[in-house]
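>>> Quick one: sequence plus predicted model below, questions after.
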Amino acid sequence: MRSIFALIFYIFLGFQCITATDVRKHIPPGESRVGVELDQMLAAAKPGVQRENTPDTSSNKATLIFMAHHKVSSPVSDLQLIKIAMDGFMDMLRNGELYQIGKKVLPGVLTAFYFDNQIILASSQKGGSALTYRKDKDKGLMDLVKDCVAPHDKSNQAKCGEMSALQIFRHLYPTKPIRPENIVTVTVRCGTDEVRNSDVYQCKEEDLEVYPPCNPDQGGGCELLIGPNKLIERHIPPTAWTNNGNAAVTYSKSGWDTTPLDVLSLAAPAQ
């Protein structure tokens, strides 16, 4: 009996090390720039409990992914997509504060996918194990996750922002082949080491930078697995953005159609 209580205690500690508050209750994001918020349903999911076509959360730690999805009414340029991703990153920081999630356990990057007049915004994954599917008709994501974690050093353990965005793509379009075309993507992060490694929410908009896809020597990175002519059309390179020259880039949200979080959540039934 004592061992059972000890197990429950350590599971609780594992959950607490990721979040200092109760993620079982959704906290409205309030004002936001592009609607990025914590997938609270996924964070609160019990280990190993899943619906058909939803990811396996077989971990004792909360799985943290921040996300949003919009159908847009006009074309989005590369610079506008970068700006939208950066606004999404700032939304993530603010939403993390609302949930009292420690800054050091927040995801480190935010990725934007732009395709077919749609934008997926997804952070990298913190906590939990790499999301996998027990039922994936074309096995596309399952195989991709395996390929990403196969190298000995495990790259980023299939938890990059690009992988989260692909998980959302698969969730929104479960019958569509996992080989989507015409996806333009960019990933952003806080570019200052001192700020990025700080314990507090110090990152400012001018600290953000475009971050290239991981491409480790041992293989398994996003550049190799989902790079151009594989799952995406192209990555927007870091050289496309300079804070001095591009900080005034604007975009309009007029006509945007936003997917509600209770539909978008990776713990919700697939569309």
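Perfect, thanks for sending it.

>>> Below-threshold pLDDT in the stretch 1-150 of the chain: ranges please.
For the stretch 1-150 of the chain, residues meeting the criterion pLDDT under 70 lie at 1-22, 46-61, 131-142, 147-150.

>>> And the strands in it, which stretches?
All strands of the stretch 1-150 of the chain, identified by DSSP state E, counting those that start in this stretch, fall at 37-38, 66-71, 109-115, 118-123.

>>> Give the buried residues for the second one.
Spelled out, that is strand 66-71. By 16 or more other Cβ atoms under 10 Å, the buried positions in strand 66-71 come out as 66-70. Just so you know, the C-beta spots here come from the backbone N, C-alpha and C atoms, and that holds for glycine as well.

>>> Pull up the pairing partners for it, direction included.
If you go by DSSP bridges, strand 66-71 pairs up with strand 37-38 (antiparallel), strand 118-123 (antiparallel), strand 257-258 (antiparallel).

>>> So what touches the last one?
So the one you mean is strand 257-258. Strand 257-258 has contacts (Cβ atoms under 8 Å, 6 or more residues apart in numbering) with 35, 68-71.

>>> mind putting those in a markdown table, distance to V186 included?
Output for the contacts of strand 257-258, formatted as a markdown table (distance: Cβ to Cβ, whole Å):
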| residue | distance to V186 |
| --- | --- |
| G35 | 18 |
| A68 | 15 |
| H69 | 16 |
| H70 | 15 |
| K71 | 19 |
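
>>> Now do the longest helix along the chain: which elements does it pack against?
Longest helix in the chain, counting residues (DSSP state H): helix 78-98. Where contact means 3 or more Cβ pairs under 8 Å, 6 or more residues apart in numbering; DSSP states H and E, helix 78-98 is packed against strand 37-38, strand 66-71, strand 109-115, strand 118-123, strand 184-190, strand 208-210, helix 243-246.

>>> Out of those, which gets nearest to S254?
With Cβ to Cβ as the criterion, S254 lies closest to strand 66-71 of those, at 11.6 Å.
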